[in-house]
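>>> heads up, no residue letters with this:
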């Protein structure tokens, strides 16, 4: 398979910046670094671009969260999403057809009402919707589950493969080398500073190394002697065959711990979670989750009964206790940067790539990503973000 | 002339009850139990569907049996997307075609195909990339044709909800009730195992149900293939230790060996101690322009059409025999009254075994074109001719032979149906190809899993039968607590280390 943007020349012995992981985070960062004029950027991946979480996520995009940290970063991302196709000269099939977080109990309704108030205070465009309004936005939804919600009209979803291809192509055009099939086996550190990486295709020197390894981020960090207080969890998704359009916005259900949308081609894409995190590094889809997704989505959208599945997959997230990303430099290893710990990494990539690139280039991390530094985890200053639709407790689906 | 075969020279008696059904407002007739697609084909309906993107016409027998083959998906009583080749006719139902506007015979959306140069693969990533407003408009327009207008009605949705039948433990699950699976189930049951056999057909037997040639059984006696299949199926059904689940599909093979099965009664979750994958194989299409025009069919579906359904694929056929079984099928087509425009063997002449062309066809003056490459199938809503090139000609512009026909039968090889194995093994260092090459027949995997028959790359039915029986015996000797890999069971692999790193005895 021809990999868009993949470099055919051999891996060089030295670069200015080496990024580990050709997912949407690593590629967006590489593109933005090149745009700032940083030369000799290499992105290394043991597999193919987007082979990890970037090609396995639910594709959904919003900025209506509950904390100042999240809304700041993701609102900037949403702004960039809306013009990303023009920016990359590649149609990433962004669809700004809305994002509804659905409340199904009186407690959830109150939570949504409070979130909307907080979002307004933080300058995020969103609205609390009543049961009646929610049912008008998603007429096919089971009315028993639609008691209200938070609606963000200009949010939506994009095609995750197209985003990866778009960033890879645009980065390669600016001279970034994307090397696939290269496994990083070590991170060289000397005198408190990173010196490069060791790979199965030889050593590569670089004064700046960025860990954007997604589900493998903890392993890469350990190679540099950095402990990341994160754990690797498995998430699963399904895609159905194409059916006539019945679901316009992206939809997340607090009650079902589920999120879904329908693509322009008609496929329904969605994932659910059990009430606990599935700590695993397996990429096998499980029957437990398959049955959970089938039952919950048919309950949420009764018209889905009888619609066949095209695909079912699992992906990995390496998540921190506060489910917030870990972005920026590592104090004890100069030149070693992180953009990992992502649970919402797809939607956060356009802003993070641009901001982290600026931070690396100028030596000062921009305001919007500074709160996500790794030191917060070591010092126990967790980010209080309450508007996520994810499982938080540790456990196993097996 | 009707496509129905009234007196079949060699196959078992066909179906007898004639029933009426509605097809897009017309009343048509077929035979109870035959596939809906067969009934439509026999009634002269050639275009059964339209392709997903370019709206090219689709007919019967294209890639039948391949999972998610959209070739003949039909809407029956409001339930869309049913495979016409695997939906039995009951009588009284209402059948419609899909993915076409205003109709499948004259589909205006087919214009997409005429201008396909303007919509190459991936065009959507280049279109409107600079204009969010145009992209949004395009997205809305796309929504009009997305999903081919398929909406699940409330009634169909209610019918689609399957009862959950709970979990069932068993000492052996056999997926696939072809000759290898049946032989394995019987041998394992004799060895003391309790067996659940899962088969997609109305009746087990697999491709052998359509075989009229003689096949040697385990007792050494040669009988017509369909009789052998019937006999094995009857024995399996009668065996106290074997549960036969027909019209049932193993949906996947998950962690902890969970094997959910979609049965006519509901969803059954099997938890087998041992697993035999006997899922058979698929006919492989041949790449040439027009290879998807209605009337271009693969050998397996054609054999089933003539020998099980007793319906001719057309009046005048070209058989493309790139594999030996194509010659046998040509003989069978001739026997049921299909005129043969030619038998074409695209292999280089020196690679074709002497005497490959059956004497009975030579005597009937059927043209034989060895060494001829297939250039193109011509036709739009149905194939009109096949263009082939004589040996030694290359490129366009050389001499060609134009063979007028309404049917092209392609025998180009088979590939194993290995989805269940790939679902569990795709991370492994040992690929199935490596295992297959090592084993050269049926093979075994760690954890009480074996593979036999077409799924293991065996195409000869007598060999599949013997290998299936041997795999069944081996499985009945395997003990879960030992958790050692089963040894490869083919003679060719004896003594070699098993690919999983275990030992051979």
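Yes, it's here. These numbers were taken from a predicted model, which means no experiment stands behind them.

>>> what about the residue in the stretch 1-150 of chain A that chain B sits nearest to, how many residues close to it?
Nearest residue of the stretch 1-150 of chain A to chain B, counting by CB to the nearest CB: residue A:91, 4.1 Å away. Every residue, glycine included, has its C-beta placed from N, CA and C. A count of neighbours around residue A:91, defined by other CB atoms under 10 Å in any protein chain shown, yields 28.

>>> What sits closest to it if chain neighbours are left out?
In this structure, residue A:91 finds its nearest non-sequential neighbour in residue B:129, 4.1 Å apart by CB to CB, 6 or more residues apart in numbering or on different chains.

>>> hang on, residue A:259 in a helix?
No - secondary structure of residue A:259 (DSSP: H, G, I helix; E, B strand; the rest coil): strand, not part of a helix.

>>> and the nearest residue to residue A:223 once chain neighbours are set aside, what helix or strand is that in?
Leaving aside its chain neighbours, residue A:223 sits nearest to residue A:187 (4.1 Å; criterion: CB to CB, 6+ apart). In this structure, residue A:187 sits in strand A:184-190 according to DSSP states H and E.

>>> I'd like to know which residues of the stretch 251-398 of chain A are adjacent to chain B.
By the rule CB under 8 Å from any CB of the partner chain, the part of the stretch 251-398 of chain A lying against chain B is A:263-266, A:282-287, A:290, A:298, A:302-308, A:310, A:312, A:398.

>>> how much space is there between residue B:339 and residue B:46?
18 Å (CB to CB, to the nearest Å).

>>> Also residue B:223?
Distance, residue B:223 to residue B:46, using CB to CB: 36 Å.

>>> Those two: which is more packed in?
residue B:46 (21 against 15).

>>> got the contact list for the closest residue to residue B:451 other than its chain neighbours?
Of all residues not flanking residue B:451 in the chain, residue B:277 sits nearest, at 4.6 Å (CB to CB, 6+ apart). Residue B:277 makes contacts with B:175, B:176, B:418, B:420, B:421, B:449, B:450, B:451, B:452, B:455, as judged by CB atoms under 8 Å, 6 or more residues apart in numbering or on different chains.

>>> Among these, which are located in helices?
Of the positions in these, B:420, B:421 sit in helices, assigned by DSSP state H.

>>> Nearest to chain A: which residue in the stretch 151-300 of chain B?
For the stretch 151-300 of chain B, CB to the nearest CB, closest residue to chain A: residue B:160, 2.7 Å.

>>> which SS class is the residue lying closest to that residue once chain neighbours are set aside?
With sequence-adjacent residues excluded and distances taken as CB to CB, 6+ apart, residue B:160 is closest to residue A:306, at 2.7 Å. Here residue A:306 is recorded as coil under three-state DSSP.

>>> burial count for residue A:233?
25.

>>> next one: residue B:89
Number of residues near residue B:89 (other CB under 10 Å) recorded here: 27.

>>> Equivalent analysis for residue A:371, please.
That count, for residue A:371 with other CB under 10 Å as the rule, works out to 19.

>>> what residues are up against residue 252?
Picked chain A for this. With CB under 8 Å, 6+ apart, residue A:252 has these contacts: A:60, A:99, A:100, A:101, A:102, A:258, A:259, A:260, A:389.

>>> my bad, chain B
A:287, A:290, A:312, B:259, B:260, B:420, B:423.

>>> just checking, the third one is part of a helix?
No - with three-state DSSP as the criterion, residue A:312 is located in strand rather than a helix.

>>> Do you know the pLDDT at it?
pLDDT recorded at residue A:312 is 94.

>>> right, and it touches residue A:290 too?
Yes - if you go by CB atoms under 8 Å, residue A:312 and residue A:290 touch, sitting 5.7 Å apart.
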